[in-house]
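Visitor: give me coordinates for this.
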Amino acid sequence: SPPHSITSVFFGGGTPSLASPHTVEALLEAVAGAAHLPTSAEVTLEANPSSAGTSHLAGFKAAGVNRLSIGVQSLDDAELRLLGREHTAAEARGAVEAARGLFPGRTSIDLLFGLPGQSCGAWAKGLEAALGFCDDHISLYQLTLERGTALAAQVWGGALHSPPQDLLADMYQTARTMLVAAGFRHYEVSNFARKGALSTHNLSYWRAEQYIGVGPGAHGRFVPWGEGGRSREARVQTLEPDAWMQEVQSQGHGTRRRVVLSPLEQMEEVLALGLRMDEGITTERWGHFSPHLSLQNVFGGPGEAKELQQQGWLVLDGRGLRCSREGLALLDSLLPGLLCQLQQ
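Guide: This is a model prediction of the structure:
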């Protein structure tokens, strides 16, 4: 049986904006043919500034896209060259302004910090420039070096040096202070929104809702009711594009692996993802996955969670479990102990 209703569609990974608007339109028609796709559904497309001309974006809007996520990354041309990006700062600004004209209030930008040689002052200057023309959603990501890239080879070879951890922490805190002062809500570790412009699609991940991943390397989490399933599954699509297409043509799908998640595995995901949000894990959401063991039962007694509450990093009350403002910045170091407590 088809899902009752689709709340969001997200075209991401690679550079979807290189595709034809007709391709996106055909895909959305296929989604609408398989399930109810209301006009209110959020339909996001990731775009690079180099492939985000006004006429091209207008084509995507006509195809059914109603939200854009633009990979600005930096507003410094030297940093963009270091990252190997094809666009310039001026092109990034132009792409965002064009997108805002077509998708007002629904244009997000991505920015990177922690680049080799980057100072906190340079990062703050770039963010201030972005605040001068951005819309109502910003995602901030610490640079991750990827094997096989020229930048990774330079850093690992010692030619360039990544910022130390204390400087990375300063960059993050500086950004958070600036964005909150500009009216943004820090609603997830890496995401900020104002005027209610939260990403519906990404919230579905963090709230452990059901989602279907389609395309090379895509991941999904859902209960396959149509196949007679009754348990939440993790599904992973074949990574290599050519192999994925061959599998779809020969067997009707590109699913490489499917795993039925145990109740403990589901609770681990709820914990790790839910604590990324400022709202945390609500009592109601936890009860959906753990009807017989409440948050108070698991984290209310002596143990790691109690210590983190006493230190001011964690909050457990009638609403649920969440990080404090200070704890959210330290989530990666808090999670291992909390996961151990859950497993016990």
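Visitor: low pLDDT regions in this structure?
Guide: 1-3 (pLDDT under 70).
Visitor: apply 50 and report the result again.
Guide: Residue ranges of the chain with pLDDT under 50: 1.
Visitor: in terms of contact, does residue 42 touch residue 203 like I think?
Guide: No. Counting by Cβ atoms under 8 Å, residue 42 does not reach residue 203; the two are 9.7 Å apart. Bear in mind the C-beta positions are built from the backbone N, C-alpha and C, glycine included.
Visitor: strands along this protein, start to end?
Guide: 8-11, 42-47, 67-73, 107-113, 137-142, 185-188, 191-193, 219-222, 233-237, 255-260, 281-282, 314-317, 320-323 (DSSP state E).
Visitor: now do the same contact list for the residue nearest the centre of the chain.
Guide: The residue lying closest to the centre of the chain (Cα atoms, centre = their mean) is residue 202, at 5.4 Å. Going by Cβ atoms under 8 Å, 6 or more residues apart in numbering, residue 202 touches 10, 188, 191.
Visitor: dump the residue contacts of residue 63.
Guide: 21-22, 24-25, 28.
Visitor: now do the nearest residue to it once chain neighbours are set aside against residue 45, distance only.
Guide: Spatially, and ignoring its direct neighbours in sequence, residue 63 is nearest to residue 25 (3.7 Å; Cβ to Cβ, 6 or more residues apart in numbering). In this structure, residue 25 and residue 45 are 12 Å apart, going by Cβ to Cβ, to the nearest Å.
Visitor: and the two? which has more neighbours close in?
Guide: Legend: neighbour count by other Cβ atoms under 10 Å for residue 25 and residue 45, higher for residue 45 (26 against 16).
Visitor: against residue 186, how distant is the more buried one?
Guide: 25 Å.
Visitor: residue 122 too?
Guide: For residue 122, the distance to residue 186 (Cβ to Cβ) stands at 22 Å.
Visitor: who has more neighbours, those two?
Guide: Comparing residue 122 with residue 186 by other Cβ under 10 Å, the one with more neighbours is residue 186, at 20 against 17.
Visitor: domains of the protein?
Guide: As assigned by automatic domain parsing, the chain contains the domains 8-203, 210-260, 267-343.
Visitor: burial count for residue 227?
Guide: 8.
Visitor: please read the previous query as pertaining to residue 270.
Guide: Neighbours of residue 270 (other Cβ under 10 Å): 21.
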